[in-house]
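Chemist: Can you look at this prediction? I've put the sequence above it.
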Amino acid sequence: MEHARHVFRVVLVLIVAVAAILLTRGFLVPRSFGLYGPYRFDNVAEQMSVRTPRHGGLDSCTACHGPRHAEHAAGAHQRVSCEVCHAPLASHVRGGAKVAAMPVDRSFTLCARCHRRIAGRPTAFKQVDLEQHVPAKLEGGVCLDCHNPHSPKP
């Protein structure tokens with residue numbers, strides 16, 4: 001009987017400790033934490049209001065680059081946003097004015113990211129065995145030597 005009192009006390013202390021932890025956690029953890037993933041969901045709206053968007057989307061380039069955009073819209077890469085190959089719009093235009101030249105990724109690794117032959121890709125998607133397709137060394141803008149990226153047919 002003597003040991004039962006000790007066990008009862010230990011169980012009571014554990015119950016009080018768990019209750020205290022849960023109560024403290026309820027006060028310290030924000031309500032939106034874990035709602036849509038392992039982060040505080042309210043922070044998404046807060047960050048959107050504090051930071052201006054860097055990406056403009058597919059149609060943001062049309063105003064200044066209409067002919068290039070028309071060529072791109074008719075080509076094989078029509079669903080690929082300009083900002084995939086170029087930098088985000090904010091590095092080129094801010095407040096409607098050009099602030100810097102638009103950087104362009106001319107490396108073959110950019111093309112290979114989507115077009116390297118991988119067994120798991122759909123067969124209808126254009127895939128290239130780079131080592132057989134390009135007899136020269138794979139470096140620099142080797143893809144751009146033969147292909148126009150806005151309308152990439154050879």
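Modeler: Perfect, I can see it now. These numbers come from a predicted model, not from an experiment. Residues are numbered from 1 along each chain as shown.
Chemist: Same question for stretch 104-119: list its buried residues.
Modeler: The neighbour-count check on stretch 104-119 (16 or more other Cβ atoms under 10 Å) flags 107, 108, 110, 111, 115 as buried. Backbone N, C-alpha and C define where each C-beta goes, glycine included.
Chemist: Oh, that last question was meant for stretch 122-138, not what I typed.
Modeler: Those would be 127, 130, 134, for stretch 122-138 by 16+ other Cβ under 10 Å.
Chemist: where's residue 118 relative to residue 128, distance?
Modeler: 11 Å (Cβ to Cβ, to the nearest Å).
Chemist: What ranges does this structure have for its strands?
Modeler: Assigned by DSSP state E, the strands in the chain fall at 93-94, 97-98.
Chemist: Could you identify which of those is most buried?
Modeler: Comparing these by mean neighbour count (mean count of other Cβ atoms under 10 Å), strand 93-94 comes out on top with a mean of 15.
Chemist: what residues does that one touch?
Modeler: 56, 64, 99 (Cβ atoms under 8 Å, 6 or more residues apart in numbering).
Chemist: Now list the buried members of these.
Modeler: Neighbour counting by 16+ other Cβ under 10 Å classes residue 56 among those as buried.
Chemist: Out of the contacts of strand 93-94, the closest to residue 147 would be?
Modeler: Minimum distance to residue 147 across the contacts of strand 93-94 is 23.8 Å, recorded for residue 64 (Cβ to Cβ).
Chemist: Cheers, nothing more for now.
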